[in-house]
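J.: Quick one: sequence plus predicted model below, questions after.
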Amino acid sequence: MRYHRYFRYIRPAAVLFNIIILYLLFSWVGIKGVGIFFAVLIGIKEVIHFIFLWRLEKRIFTPIEKLRQGVDEISKGNYNIKIEYDKPNDIGLLIASFNEMAQKLYESEKIKAEYEENRKTLIANISHDLKTPITAIQGYIEALLDGPVEHAETKNKYLKTIYHNTVYINKLIDDLFLFSKLDLQKLDFHFETVSIRDFMNDLMEEYKFDLEERKIRFQYLDELEQDGCVGIDGKRFHQALNNIINNAVKHGPDNNLSIEIKMYHRNDFVCIDVRDNGPGIPADKLPFIFDRFFRIDPERTKDFMSTGLGLAIAKELVEAHGGKITATSIADEGTCFTIMLPILQNTQSEVYDETRLDY
């Protein structure tokens, strides 16, 4: 900013020096008329020069100084900074680019901090969730090693408990691996364009057989006004839907559980409702059900071998399809999960026998 200091301090001194020299010169020569003429001419020139320099400082030097201060703040790690400047010139474009860069850096740093916090929470939750079954396994193995168990029934109970806890640990590791790949956006998807009606008909046949075998009432309603095509990875979408249905089964009543699945149009989306007649989700806990490791009833859920990641995985999988998932619930009446998938435009609705996937 050497030139800035020159225009600000040295230039006014030079102007004053010129005025003194002219005064002395014309005083010695004695031609007052000529002196006055040149004095006025020089005065006008200096006024114009002053206005020019004032505008130059206001439009260029001051914004550049602010820009330099902003760069200093960025170098210190302060990304939440914005330079105010509304003049439509090259400096204005430069400052607008700087503000955009600072905003992106701020958002990136914010996301980085959130990821770091999530990583710490994830590690804490993993440690907590692994400690309980490992402690149980260790305790029962120690009981078996301390001496022979007299009753075969007791021994079988110990072994079953060990087995169930190892199953839980294995499921937790699988869910963590899947969720981590989703979180890092490294999970491979194989999307295909399919008829949503045909796809759901095939899938619902499987659920009808499976759930009715488990004495669960199941109903599927196709209320589509017309068929539509969606881009879908059959395996991953089935996994998302399966997590939702398993959640209803785990938290539903032991007897007379009912699950209803309904498909319909809403604007440019195909909507799939999964409704149950379970106990419902408390209103204060409903906003958190898609959070990782969140459990409505932590103590009871352990009996179901739930990892607390099922709904979080379902949400990530649905969003990877460009869709949305929401939930509504009424206490003692049940819960309804709604999956929304975008309908592909300018695609002819055909029967894609060759695209039907193995689930």
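T.: That came in fine, so what should we check first?
J.: residue ranges for the strands of this protein, please.
T.: Assigned by DSSP state E, the chain shows strands spanning 192-195, 217-222, 229-232, 258-266, 269-276, 324-330, 334-342.
J.: Export those strands to CSV and append columns for mean pLDDT.
T.: Below are the strands of the chain laid out as CSV (pLDDT from 0 to 100):
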stretch, mean pLDDT
strand 192-195, 92
strand 217-222, 93
strand 229-232, 92
strand 258-266, 93
strand 269-276, 94
strand 324-330, 93
strand 334-342, 94
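J.: May I see the ones you listed organised as CSV, with mean neighbour count and distance to Ile20 added?
T.: All C-beta atoms are positioned from the backbone trio N, CA, C, and that covers glycine. Below are the strands of the chain laid out as CSV (neighbours: other Cβ atoms under 10 Å; distance: least, Cβ to Cβ, whole Å):
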stretch, mean neighbour count, distance to Ile20
strand 192-195, 18, 86
strand 217-222, 14, 97
strand 229-232, 21, 82
strand 258-266, 17, 84
strand 269-276, 20, 82
strand 324-330, 16, 78
strand 334-342, 21, 79
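J.: so which of those strands gets nearest Ile95?
T.: With Cβ to Cβ as the criterion, Ile95 lies closest to strand 324-330 of these, at 37.8 Å.
J.: Output the contacting helices and strands for that closest one.
T.: helix 310-320, strand 334-342 (3 or more Cβ pairs under 8 Å, 6 or more residues apart in numbering; DSSP states H and E).
J.: Let me have these in a markdown table, extended by distance to Asn125.
T.: Formatted as a markdown table, the helices and strands packed on strand 324-330 follow (distance: least, Cβ to Cβ, whole Å):
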| stretch | distance to Asn125 |
| --- | --- |
| helix 310-320 | 11 |
| strand 334-342 | 23 |
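J.: Nearest to Phe218, out of these?
T.: Of all these, strand 334-342 comes closest under Cβ to Cβ, at 14.3 Å.
J.: how close does the nearest residue to Ile60 once chain neighbours are set aside sit to Lys66?
T.: Nearest residue to Ile60 in three dimensions, chain neighbours excluded: Ile91, at 6.0 Å (Cβ to Cβ, 6 or more residues apart in numbering). Separation of Ile91 from Lys66 (Cβ to Cβ, to the nearest Å) stands at 10 Å.
J.: Check the contact lists of the two and give me the overlap.
T.: Tyr85 (Cβ atoms under 8 Å, 6 or more residues apart in numbering).
J.: Apart from its chain neighbours, what residue comes closest to His265?
T.: Of all residues not flanking His265 in the chain, Glu225 sits nearest, at 5.6 Å (Cβ to Cβ, 6+ apart).
J.: Got phi/psi on that neighbour?
T.: Main-chain dihedrals, Glu225, degrees, to the nearest 10: phi -70, psi -40.
J.: Throw the strands of the chain into a markdown table and include distance to Asn99, thanks.
T.: Listed next are those as a markdown table, based on distance: least, Cβ to Cβ, whole Å:
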| stretch | distance to Asn99 |
| --- | --- |
| strand 192-195 | 42 |
| strand 217-222 | 52 |
| strand 229-232 | 37 |
| strand 258-266 | 39 |
| strand 269-276 | 36 |
| strand 324-330 | 32 |
| strand 334-342 | 34 |
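J.: and of those strands, who's closest to Leu184?
T.: strand 324-330 (20.4 Å).
J.: what's near enough to touch Lys58?
T.: For Lys58, no contacting residues are found, by Cβ under 8 Å, 6+ apart.
J.: Distance check, it against Asp72.
T.: Noted for Lys58: a distance of 22 Å to Asp72, by Cβ to Cβ.
J.: residue boundaries of the helices in the chain?
T.: In the chain, the segments counted as helices under DSSP state H are 2-5, 11-29, 32-56, 62-75, 90-146, 152-183, 196-213, 234-251, 298-301, 310-320.
J.: can those helices go into JSON lines with extra columns for mean pLDDT, distance to Phe290 and mean neighbour count?
T.: Shown next, in JSON lines, are these (pLDDT from 0 to 100; distance: least, Cβ to Cβ, whole Å; neighbours: other Cβ atoms under 10 Å):
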{"stretch": "helix 2-5", "mean pLDDT": "51", "distance to Phe290": "55", "mean neighbour count": "10"}
{"stretch": "helix 11-29", "mean pLDDT": "66", "distance to Phe290": "65", "mean neighbour count": "12"}
{"stretch": "helix 32-56", "mean pLDDT": "70", "distance to Phe290": "57", "mean neighbour count": "12"}
{"stretch": "helix 62-75", "mean pLDDT": "80", "distance to Phe290": "35", "mean neighbour count": "14"}
{"stretch": "helix 90-146", "mean pLDDT": "81", "distance to Phe290": "14", "mean neighbour count": "13"}
{"stretch": "helix 152-183", "mean pLDDT": "82", "distance to Phe290": "12", "mean neighbour count": "15"}
{"stretch": "helix 196-213", "mean pLDDT": "90", "distance to Phe290": "22", "mean neighbour count": "15"}
{"stretch": "helix 234-251", "mean pLDDT": "89", "distance to Phe290": "11", "mean neighbour count": "20"}
{"stretch": "helix 298-301", "mean pLDDT": "50", "distance to Phe290": "15", "mean neighbour count": "12"}
{"stretch": "helix 310-320", "mean pLDDT": "89", "distance to Phe290": "4", "mean neighbour count": "21"}
